[in-house]
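Student: Generate coordinates for the sequence data below:
(chains A, B, C and D)
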Protein chains: 2
Amino acid sequence: MAPVRRQTSERVLDIAEALVQTRGFNAFSYADIARAVGIRKASLHHHFATKADLGAALVARYRAAFLDALRSIEADTESAPERLERYTDLYGSVLRKGRMCMCGMLASDAATLPKPMRESIAGFFGENEAWLARVLAEGKKRGQVEYEGTPSSLAAFFVSSLEGAMLVARAGGDPRPFDDVVHHLLGRVRAKKAAPRRRRQPQR
Amino acid sequence: MAPVRRQTSERVLDIAEALVQTRGFNAFSYADIARAVGIRKASLHHHFATKADLGAALVARYRAAFLDALRSIEADTESAPERLERYTDLYGSVLRKGRMCMCGMLASDAATLPKPMRESIAGFFGENEAWLARVLAEGKKRGQVEYEGTPSSLAAFFVSSLEGAMLVARAGGDPRPFDDVVHHLLGRVRAKKAAPRRRRQPQR
DNA sequence: GGCAGCCTACCATCTGGTAGGTAGGGATTG
DNA sequence: CAATCCCTACCTACCAGATGGTAGGCTGCC
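Tutor: Reported below is the predicted structural model:
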């Protein structure tokens, strides 16, 4: 039969990704995935020989998808504030699905993961910070945003705060605090001289 | 008679705490603890009947110790900026031990934990935010700190950013980015009119 | 004598992983 | 054209080791 339905290995990755994002790498098993996909455990090993292989594929795909999303943001708008807001939306939409950023989740499991995975996770954060740093530097040059300190340290600040906000918001079971953090973060770089975007957000 | 050696159950908690902070709740076993303490696995169940019980005791002790530390900070200084810096030091010293905040780590495992633990973890974050909010409100009243937005939303921002900074710093294996985040965070509330505080400013 | 604190021995269940086999489709070859 | 071959994708059956947890017994102190 022609491959009418999604490639099995893609479905495996989809399910594994959801499991990592909600439970963590050490809190799901091949049996869990097999059940969800509808094949036997042994067949999983045909697609991903070991759990480490599965993990590596998972991170690689996630990184690529994230980079795509970043490119798409840059293509859509040249406004730094808008780019930053779109960036925070990336995190927000994950949180609204009841999930944690996959690499944030894996970061907490890092000590138990094989080295290739750890390096790829660090790579994810590096890419994110590099992208943000570029957006921040460009935005400053154009007078779209204002801030003190280096673009790269502020970029790291963004990533850390967003990851932490997801973590804490999930622990409380309430996504609203996340939006507060986003608000503080974006307010931090808003150019004051520009149009009077007074936008005093309702403080709930 | 003074107990010559630490109570076994305290040693168990110490070791379990370190394991949670470095590996997560699902990545260590009773066997790991037993080996480290030097007793048999079955004896552990004498102190903590189930792993859930151990987890609950762990969080309870951690919360209490943290509250003690906060009280101690308030007793030591009345300066809001100093209090905030001392607060960030609490996190920094954990990170320098190669550990993650225990409740941050547990937050990522939350979906797999028994409800009492989850609630206690949320309680930890609530207490932290409440303390910070109080310090921030008081500090503003005294003109020691300046900021926009409500104290409680800024408090949540502090907690989120610090937790995230630990998470990301640990993933990269380098604690320096954490200090950057602390710097940004403290800079955000520094009163501009007040005397020039000579804090470290190297931007690495 | 009771009990805290420890022990040995054992349990069912789950873990990631392996061995070896079957079904079917597409290409290669006589 | 058909027979063969190979490969992908799946299967059943199994494995050793780890998991959290239990049953029941010993010892030494108040």
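
Student: Get me the contact residues on chain A for DNA strand C.
Tutor: Residues of chain A lying close to DNA strand C by CB under 7 Å from any atom of the strand are A:1, A:28-32, A:41-42, A:45, A:49-52. (Each C-beta comes from the backbone N, C-alpha and C, glycine too.)

Student: Which among those residues count as buried?
Tutor: Of all the residues of chain A next to DNA strand C considered here, the ones buried according to neighbour count by 16 or more other CB atoms under 10 Å in any protein chain shown are A:Phe28, A:Tyr30, A:Lys51.

Student: Narrow the residues you listed to those in helices?
Tutor: Applying DSSP state H to these, the entries found in helices are A:Tyr30, A:Lys51.

Student: Of the buried ones among the residues of chain A next to DNA strand C, just say which sits nearest to DNA strand D.
Tutor: A:Tyr30 (10.4 Å; CB to the nearest atom of the strand).

Student: what's the closest one in contact with, if anything?
Tutor: A:Lys41, A:Leu44, A:His45, A:Lys51 (CB atoms under 8 Å, 6 or more residues apart in numbering or on different chains).

Student: With pLDDT and distance to B:Asp89 added, can I get the residues you listed in JSON lines?
Tutor: JSON lines is the format used below for those (pLDDT from 0 to 100; distance: CB to CB, whole Å):
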{"residue": "A:Lys41", "pLDDT": "95", "distance to B:Asp89": "48"}
{"residue": "A:Leu44", "pLDDT": "95", "distance to B:Asp89": "46"}
{"residue": "A:His45", "pLDDT": "95", "distance to B:Asp89": "48"}
{"residue": "A:Lys51", "pLDDT": "97", "distance to B:Asp89": "38"}
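
Student: what would those residues look like in CSV with distance to DNA strand D?
Tutor: CSV is the format used below for the contacts of A:Tyr30 (distance: CB to the nearest atom of the strand, whole Å):
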residue, distance to DNA strand D
A:Lys41, 6
A:Leu44, 8
A:His45, 7
A:Lys51, 14
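
Student: Find the residue at the geometric middle of chain A.
Tutor: Closest to where the C-alpha atoms of chain A average out (CA atoms, centre = their mean) is A:Cys101, at 4.4 Å.

Student: Spatially nearest residue to A:Trp185, not counting backbone neighbours?
Tutor: For the record, residue A:185 is Leu, not Trp. Nearest non-adjacent residue to A:Leu185, counting by CB to CB, 6 or more residues apart in numbering or on different chains: A:Ser161, 5.7 Å away.

Student: Now do that neighbour against B:Gly164, distance only.
Tutor: Going from A:Ser161 to B:Gly164 by CB to CB, to the nearest Å gives 6 Å.

Student: joint contacts of those two?
Tutor: Residues touching both A:Ser161 and B:Gly164 (CB under 8 Å, 6+ apart): B:Val181.

Student: Return the residues of chain A in contact with DNA strand D.
Tutor: Chain A comes close to DNA strand D at residues A:Gln7, A:Thr8, A:Ser9, A:Gly38, A:Ile39, A:Arg40, A:Lys41, A:Ala42, A:Ser43, A:His46, A:His47, as judged by CB under 7 Å from any atom of the strand.

Student: What are the neighbouring residues in contact with the last one?
Tutor: It refers to A:His47. By CB under 8 Å, 6+ apart, the neighbours of A:His47 are A:Thr8, A:Ser9, A:Val12.

Student: quick revisit: settle this for me: the residue nearest to the centre of chain A is touching A:Ser160, isn't it.
Tutor: No: at 11.7 Å, A:Cys101 and A:Ser160 do not qualify as touching, with contact defined as CB atoms under 8 Å.

Student: What is the end-to-end distance of stretch A:171-182?
Tutor: By CA to CA, to the nearest Å, the extent of stretch A:171-182 from end to end equals 17 Å.

Student: Would you mind listing the buried residues in it?
Tutor: A:Ala171, A:Gly172, A:Pro177, A:Phe178, A:Asp179, A:Asp180, A:Val181, A:Val182.

Student: Which residues are in contact with the second one?
Tutor: A:Gly172 makes contact with B:Ala122, B:Phe125, B:Gly126, according to CB under 8 Å, 6+ apart.
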